[in-house]
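Asks: Turn this into a structure:
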Amino acid sequence: MNIDLLKRLCETPGVPGHEHRVRDLIAAEAADLFDTIETDVMGSLVCTRKGEGDDPERIVLACHMDEIGFLVNYVSDKGFIHVSPVGGFDPRNLFSRRVLVCTDEGDYRGIMNAEGKPIHISSPEDRKKVPEATDFFVDIGLGAAAKEKVRVGDFVVMDEPLVEMGDRIVSKALDNRIACWLGLEVVRKLLADGRSHKCQLTVAFTVQEEVGLRGARTVAHDIRPHIGIGIDTTLACDTPGVPERDKTTELGAGFGLHMKDSSFISDRELVREFEALAKANDIPWQRTILAAGGQDGAALQQAAAGARAIGIVVGTRYIHTVCEMIDRRDLLAARDILAAFVARH
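Replies: Below you'll find the predicted structure:
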């Protein structure tokens, strides 16, 4: 398993609208895997392997590159950097976090914390308050000089490394760098196994998914796929304090066959086809419904004249935090089922 690639993907910063570093990494990895590699006007990296015949079936795998993060919206005279979120955060997970402030001239390590008093001088009422995401600020330790280094519109990401814990992998930005990993490794597996495909296969490494599926929508309008597959994380709430019925997925139980979320419902016949392939190839899977949220599969399904669409997902604990956790067996199951599907078309 190419852990080094996943580590580099997760640790490369890239928030909505600022995915360029991740795109450059993927483009270098993809160079020998695809017939054409293009960057569209929004910044999505569109990688295509040609199909057979004059009008082959068009299949798109959508793998969004962006991670949740922040844009700088103000720097005070004392050098405190105030931020605006791009993506959904639970503010309870943001206290005293190491972050990276990314500018055109260089990156600065910093600490994120919320406005307010430390525990030694706060009242019981103070300690019960949960701030909004916009109440957090960043301190890069430069004092007033920070105002000369950091500008409005620079971006901020969490600063944590990928670590392996047995069969589990923990990192920030597994949502959705695991999909970027899959977009590359599915093709590598096809080539390593000597399997071909008749379809035109496009792997679209999309932008701005976390703020509204924006990049996938423009890709879908351009390519007009017959089949669209949104590849993403989903919840794995198989942890203490969550009722069994709300766990969504269970780590180690296989890839997630995404049935429904707030943005779309997967195509019924594609669900049947993926399940039959999983059974035939002895690949573990679990059906899953996400109570709220959306993913790029919806944009592929609904753009232009529409497409048959489905989601293939990997269960993730502690999602949208700096310590997202997946099981490598689920990730490999997702790779194997996608390779089997593409080889069948």
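
Asks: Wait, a helix at residue 47?
Replies: No. Assessed by DSSP: H, G, I helix; E, B strand; the rest coil, residue 47 does not belong to a helix; its assignment is strand.

Asks: Which residue lies closest in space to it, excluding its sequence neighbours?
Replies: residue 34 (4.2 Å; CB to CB, 6 or more residues apart in numbering). All C-beta atoms are positioned from the backbone trio N, CA, C, and that covers glycine.

Asks: for that neighbour, helix, strand, or coil?
Replies: Residue 34 is classified as coil under three-state DSSP.

Asks: Could you chop this structure up by domain?
Replies: The domain map for the chain lists 3-67+172-343, 69-158, with the assignment taken from automatic domain parsing.

Asks: quick one, helices of the stretch 201-345 of the chain?
Replies: For the stretch 201-345 of the chain, applying DSSP state H, counting those that start in this stretch gives helices covering 214-223, 268-280, 296-302, 328-343.

Asks: Out of those helices, indicate the one that is most buried.
Replies: Of those, the one with the most neighbours on average (mean count of other CB atoms under 10 Å) is helix 296-302, at a mean of 27.

Asks: Report all helices and strands that that helix contacts.
Replies: On a contact count with 3 or more CB pairs under 8 Å, 6 or more residues apart in numbering; DSSP states H and E, helix 296-302 meets strand 58-64, helix 214-223, strand 227-235, strand 308-316.

Asks: what mean pLDDT does it have?
Replies: Average pLDDT, helix 296-302: 96.

Asks: And stretch 316-331, by the same measure?
Replies: 97.

Asks: One more: stretch 267-279?
Replies: 98.

Asks: Pull the residues that contact that stretch.
Replies: Contact partners of stretch 267-279, identified using CB atoms under 8 Å, 6 or more residues apart in numbering, comprise 227, 254-255, 257, 259, 283-285, 301, 308-310, 312, 337, 340-341, 344.

Asks: Going through these, which ones are buried?
Replies: 227, 254-255, 257, 283, 285, 301, 308-310, 312, 337, 340-341 (16 or more other CB atoms under 10 Å).

Asks: Could you export these as JSON lines, including distance to residue 19?
Replies: What follows is those, written out as JSON lines (distance: CB to CB, whole Å):
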{"residue": "227", "distance to residue 19": "25"}
{"residue": "254", "distance to residue 19": "29"}
{"residue": "255", "distance to residue 19": "25"}
{"residue": "257", "distance to residue 19": "28"}
{"residue": "283", "distance to residue 19": "30"}
{"residue": "285", "distance to residue 19": "30"}
{"residue": "301", "distance to residue 19": "23"}
{"residue": "308", "distance to residue 19": "27"}
{"residue": "309", "distance to residue 19": "22"}
{"residue": "310", "distance to residue 19": "24"}
{"residue": "312", "distance to residue 19": "21"}
{"residue": "337", "distance to residue 19": "26"}
{"residue": "340", "distance to residue 19": "29"}
{"residue": "341", "distance to residue 19": "26"}
